[in-house]
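Participant: test case, fold it:
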Amino acid sequence: MIKEAINKLVRRQDLTEKEASEVMTEVMSGEATEAQIGSFMTALR
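Facilitator: Have a look, this model is predicted:
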């Protein structure tokens, strides 16, 4: 899910509440890599 979320943010599209929740679940469960988390945080800018 995090890859899809990053791609969506790069295209300047907002995440839905569900998408954001799924990404945070991935991050908090340890499924996302440090690189993915960094990319996600950068894309949020």
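
Participant: what mean pLDDT does the longest helix anywhere in the chain have?
Facilitator: When the chain is scanned for its longest helix (criterion: DSSP state H), the result is helix 17-29. Per-residue pLDDT over helix 17-29 has a mean of 98.

Participant: could I get the buried residue list for that helix?
Facilitator: 19, 22, 23, 26, 27 (16 or more other Cβ atoms under 10 Å). For every residue, glycine as well, the C-beta is placed using N, CA and C.

Participant: hmm, which two among these are most spread apart?
Facilitator: Taking Cβ to Cβ as the measure, the buried residues of helix 17-29 span a maximum distance of 12.7 Å, between 19 and 27.

Participant: let me see the contact set for residue 3.
Facilitator: Taking Cβ atoms under 8 Å, 6 or more residues apart in numbering, we find residue 3 in contact with residue 36.

Participant: helix, strand or coil for it?
Facilitator: helix (DSSP: H, G, I helix; E, B strand; the rest coil).

Participant: what's the longest helix of the chain packed up against?
Facilitator: Counting contacts by 3 or more Cβ pairs under 8 Å, 6 or more residues apart in numbering; DSSP states H and E, helix 17-29 is packed against helix 2-10, helix 34-43.

Participant: and the ones you listed as a markdown table, adding mean pLDDT?
Facilitator: Below are the helices and strands packed on helix 17-29 laid out as a markdown table (pLDDT from 0 to 100):
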| stretch | mean pLDDT |
| --- | --- |
| helix 2-10 | 98 |
| helix 34-43 | 98 |
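
Participant: any idea which of these is most buried?
Facilitator: helix 2-10 (a mean of 16; mean count of other Cβ atoms under 10 Å).

Participant: run the angle between it and helix 34-43 for me.
Facilitator: Here the directions of helix 2-10 and helix 34-43 differ by 20 degrees (axes from the mean of the first three to the mean of the last three Cα atoms, to 10 degrees).
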